[in-house]
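1. let me see the structure of the following:
(4 chains)
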Amino acid sequence: MKFLDKLMERSSRKVAQNTSRRHMLTNLSKLMVGAAAIPLLPVARASEATGGYPGVGKQVSGLDGDPGDPTSCDYWRYCAIDGFLCSCCGGTASSCPPGTEMSPITWIGTCRNPADGKDYIISYNDCCGKTSCGRCLCNRNENDKPVYRPQANNDINWCLGTSSSVYTCSTGVVLGVAVDG
Amino acid sequence: MKFLDKLMERSSRKVAQNTSRRHMLTNLSKLMVGAAAIPLLPVARASEATGGYPGVGKQVSGLDGDPGDPTSCDYWRYCAIDGFLCSCCGGTASSCPPGTEMSPITWIGTCRNPADGKDYIISYNDCCGKTSCGRCLCNRNENDKPVYRPQANNDINWCLGTSSSVYTCSTGVVLGVAVDG
Amino acid sequence: MRKILFNGISALLFACCALPVVAELKPEPIPSVATLPATYPDSWIFAHDVNFNSMIAGKVAIIDVAADAKEFKGFIDASMMANFVESKVKPRLYVAESFFSRGTTGTRTDVISIYDKATLKRIKEVVLPKNNRAQIVASKHMLKLVDNDKYLLILAFTPATSVIVMDTDTGELLSELPIAGCNLVYPAGDKGFASLCGNGGMKAVAFDESGQETERYDIPPFFSVEDDPLFDKPAFIGSTAYFLSYKSQVQPIDLATSKPKILPTWSLVSDEEAAENWRPGGWQFATSDGAQKLYVVMHKDGYNGSHKFGGEEVWVFDTQSQQRIQRIALKKNAFSIEVTRSATPLLVVTNTEMGLDIYTTDGDYQRFISVGDSTMPIVLHRGR
Amino acid sequence: MRKILFNGISALLFACCALPVVAELKPEPIPSVATLPATYPDSWIFAHDVNFNSMIAGKVAIIDVAADAKEFKGFIDASMMANFVESKVKPRLYVAESFFSRGTTGTRTDVISIYDKATLKRIKEVVLPKNNRAQIVASKHMLKLVDNDKYLLILAFTPATSVIVMDTDTGELLSELPIAGCNLVYPAGDKGFASLCGNGGMKAVAFDESGQETERYDIPPFFSVEDDPLFDKPAFIGSTAYFLSYKSQVQPIDLATSKPKILPTWSLVSDEEAAENWRPGGWQFATSDGAQKLYVVMHKDGYNGSHKFGGEEVWVFDTQSQQRIQRIALKKNAFSIEVTRSATPLLVVTNTEMGLDIYTTDGDYQRFISVGDSTMPIVLHRGR
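-> The predicted structure follows:
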């Protein structure tokens, strides 16, 4: 928590310093275009009680026995995901956004579904061919192995065998229940 | 100031909510890669007492009669600039960063030098051929006119007549004293 | 009763197996790619992320601003100060953009990229052989569809200015019409457009089916570029363009026919408000709705250079009575705005932090929508 | 006395003309482009911005981490999960990157881009005709110079793995050496490299002047990928690679010759620290200095999946005594670290907010440096 405290302390101090009209205008001159750099503190972005992302509507998968919010980094299927969540990008947890191409080659994780307590094999297919979606960047690494074990690694761009290798977002597709829990 | 207050109120509330270890870790999962979205509030970025940018070292031009900090959006030559300040990017107020090309075609502003009270003609030459510098984004619009008066407009990409039209950063070059103040 | 029963069953299940009995999830199909309807609902908008930090990687996001879930429908790329326009007639989206063979260097290729609305696939491109498309911070007035979307008008700037006419049925580039001394593309008549000029006048050009010039009008100066220039980003109500000046004057121009008609001016502000320097400003700071109302982002204490910083209020005017009928104090300052064409229109605000705040047109706050980390959605297009 | 006189003059000047008499600024030359020395000072580092939000527009920034002004020296582009290496022998920088003819779609071209250090101009490119370079989140171990920088080793991944050998004198691609079942490039001997393998073993390949394979070694498994894998990002001290495991074991491997020698392991943590689950982690979380010290980013309460989140402390170990000699509590959590080769080395930390915090190697905080808005400088290269 220490780094959160420090961060807030700094921000508050800065705001306190910033009271004059002149500064307000000076700041605006930098803000207007500079706000590109995203106005939200990561602490703010990440601190929603639900684990969701500000400015992203919550979802349900709609499947019986598939609990949680597919736009939240907490969602059970994402236990080893690394990237932008396609659920936030016009796709779903298991489908790609319009106009992208789903990678046929991929890597595999094993995540426990809290609804039935079973371990499921999850295929983290990347969606490819448009620039980064830019929403809901999420990194979780349960059982993630280094790149010399590629089939269990999430640092590799799995846009392989697609017409473009440019990475857009990531899905977590249910392949089935793991035989060996 | 209202929007600053609101922003801080929101951030503080969010931080207060965020006390559990579990949340800390959840947050980190989003932070590690997600921090791309820049951790600094714009209020923090813009509220330095000096008008400078956090994480950018202050400079002096070194010229007699050329006061102020060329890495600050406040610097007198920048009265109508729009873009990343080349001074922050490996160039200076009047030179481009290594490996870029200075546009030969440009637009012109008139800024008052506080050292001698004279109005100078400033040529806002763009530097071109690498991706956006990304440091010290600054927008000021004194005497800026709409794009149907291109020679007085800062929304145009002036990387014209260069081998690449990709915009990197902006300079403010002294051309001389304005005859008609 | 039902609730008690359910709780009882739940308790039983937990007692026996720790987890309720649910169906095992079935394997899901691979590959799977979402699609969209060929005609978009009227609460959807296009938010153009100009991505200043990485201009070769801009995008146009499609967003349902009325939705509390699944609000982000998809996006298409838009490279290097691109411009965008939606066809209302064909299921097509058009992007004018530029590429370099080595990302930021090498051979330049300017193109019109054509997307299918349902699949968001890039189905065709038309190369602009002179690589002269205008690279200016995006607005709605550099790429326009006219004559029932039969012709696409593409602004060229080198800095010599001209307008390229493309046939959208064939993808053929029909002509390039010079507009020396003037800039931007405001549709005028069926086959024509007007441009504002550096002398405070206006030029208008009409063309025939082969793109060849048939009429040309030079409207002499009617405003002072030095003293109180008209912003180059008007709001349209029908075929009337409402141009606003830095100092709050309204200059309507009738563009129903190929020859522009300069209509009488009026003011956004009272004498008191003028004294307080209430002024319009921002990026796309003015828009309209279906009820002939004009929406303008306003800031107090305006000064020489304040005209692109946005504002703390949106003022709504009845363009018939030329009276202000509403004043909306915003949660966060606005940089750009748009109003949807929905039955219940929504006011979409790109705030100065670059997120989208959605309000009713009465100013009731609805929701916040993020277009994405590090995005700059400064141009908002409602469905045409 | 002097001061009084000066003040008197100032007062006089202000009294008479309101502003001091200064020389009028002279017109400045156009065009003007800065250059750098062909050999960089040893306090300069390369910060690779992988730019996840726009991966086709990454960059490598050159930063003087000892400077309080003009710390940002320039940058070069690095497109689509690029990799970077500096030559210590030639005044050259190398980037392995990928381009698409239409930005994110169209024809792919993989290249080695070669830059001049003094001008940062892209002076040459070598096309990789199979377009098979590895696109993996950047690290130091996918693009390596060996044999006095005569050969550039380029990792390929399709997902079949191989290493392409390029002659840096001629730009010729000499060969492609398969490393099936293994990955990454750790220089071994003069003309050779080792790779870690999915079975917990290591492979090593040596080649001759024409790039042809001369030796190949398969080291049988010496660690458990399932129970406690070695991270794939070792720190080098001389020709010894210090690999660390998820659970804090140190596995040194001697790569002085083409045949790797697996050295005895030791532990970063005491029994108490192990019980508290102090573990290494982050991205580039381990480095070394010129005094054979090993720097490791550590976090408490580690668990399955915590290994890429960075940490709150940097621990410094004497690799001779295998003892911890320093424990640096950071201002902000570290994601990646590097130590400069300067006479007074500096510890550079990419914090989890993606800014650079600079410390002395004793842990005294020096300064904060921003690489740019919306950047992700997760790989830091000191001067070689």
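
2. ranges for the strands of chain A?
-> Assigned by DSSP state E, chain A shows strands spanning A:82-84, A:101-102, A:108-112, A:119-123, A:126-128, A:137-139, A:167-170, A:173-177.

3. contacting residues around the second one?
-> Right, the one you point to is strand A:101-102. Under the criterion C-beta atoms under 8 Å, 6 or more residues apart in numbering or on different chains, residues A:95-96, A:125-129, A:162-164, A:171, C:30-33 lie in contact with strand A:101-102. C-beta here means a position set from N, CA and C on the backbone, and glycine is covered the same way.

4. could you find the closest non-adjacent residue to residue 109?
-> Here I'm looking at chain A. Leaving aside its sequence neighbours, residue A:109 sits nearest to residue A:80 (C-beta to C-beta, 6 or more residues apart in numbering or on different chains; 3.6 Å).

5. sorry, I should have been clearer: chain C.
-> Take residue C:109 and drop its neighbours on the chain: the residue closest to it by C-beta to C-beta, 6+ apart is residue C:99, 4.9 Å away.

6. likewise for residue C:121?
-> Using C-beta to C-beta, 6+ apart and skipping the chain neighbours, the partner closest in space to residue C:121 is residue A:99 (5.2 Å).

7. just checking, that neighbour touches residue C:76?
-> Yes. Checked against C-beta atoms under 8 Å, the pair residue A:99 and residue C:76 is within contact range at 6.5 Å.

8. just the pLDDT at residue A:19, thanks.
-> pLDDT, residue A:19: 30.

9. next: residue A:179.
-> 80.

10. now swap in residue C:343 and tell me
-> So, for residue C:343, pLDDT stands at 89.

11. which residues touch it?
-> Residue C:343 makes contacts with residue C:42, as judged by C-beta under 8 Å, 6+ apart.

12. name the helix or strand for residue C:214, please.
-> Element membership for residue C:214 (DSSP states H and E) is strand C:213-219.

13. what sits up against the helix or strand following that strand?
-> Remark: after strand C:213-219, the chain's next helix or strand is strand C:235-237, criterion DSSP H and E. With contacts defined as C-beta under 8 Å, 6+ apart, strand C:235-237 is touched by C:241-242, C:286-288, C:292, C:294-296, C:319.

14. now do stretch C:102-110
-> Residues outside stretch C:102-110 that contact it (C-beta under 8 Å, 6+ apart) are B:129-131, B:163-166, C:56, C:96-101, C:127-128, C:130-133, D:56-57, D:77, D:79, D:97, D:99, D:101-102, D:109, D:111, D:113, D:122, D:125.

15. for chain B, see how far away residue C:50 is.
-> 11 Å (C-beta to the nearest C-beta, to the nearest Å).

16. now do residue A:61, the pLDDT please.
-> For residue A:61, the pLDDT comes out at 90.

17. which residues of the stretch 201-350 of chain C lie near chain A?
-> By C-beta under 8 Å from any C-beta of the partner chain, the residues of the stretch 201-350 of chain C that approach chain A are C:301, C:306, C:308-310, C:335.

18. residue of the stretch 101-250 of chain C nearest chain A, please.
-> residue C:120 (3.0 Å; C-beta to the nearest C-beta).

19. so what's the gap between stretch C:225-235 and the chain middle?
-> Relative to its parent chain, stretch C:225-235 has a centroid offset of 18 Å by C-alpha atoms, centre = their mean, to the nearest Å.

20. could the contacts of strand C:235-237 go into CSV alongside pLDDT?
-> CSV is the format used below for those (pLDDT from 0 to 100):
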residue, pLDDT
C:241, 98
C:242, 98
C:286, 98
C:287, 98
C:288, 98
C:292, 94
C:294, 98
C:295, 98
C:296, 98
C:319, 97
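
21. what's the pLDDT at the residue of the stretch 101-250 of chain C found nearest chain D?
-> Of all residues in the stretch 101-250 of chain C, residue C:103 sits closest to chain D, at 4.6 Å by C-beta to the nearest C-beta. Note on residue C:103: pLDDT of 98.

22. closest one of the contacts of strand A:101-102 to chain B?
-> When the contacts of strand A:101-102 are compared for distance to chain B (C-beta to the nearest C-beta), residue A:126 wins out at 14.5 Å.

23. give me the beta-bridge partners of the closest one?
-> On the basis of DSSP bridges, residue A:126 is bridged to residue A:170.

24. ok, residue C:111 next?
-> Where residue C:111 sits in a bridge, its partners, by DSSP bridges, are residue C:97, residue C:127.

25. wait, doesn't residue A:139 sit right on residue D:306?
-> No. Using C-beta under 8 Å as the test, residue A:139 is too far from residue D:306 to be in contact (11.4 Å).
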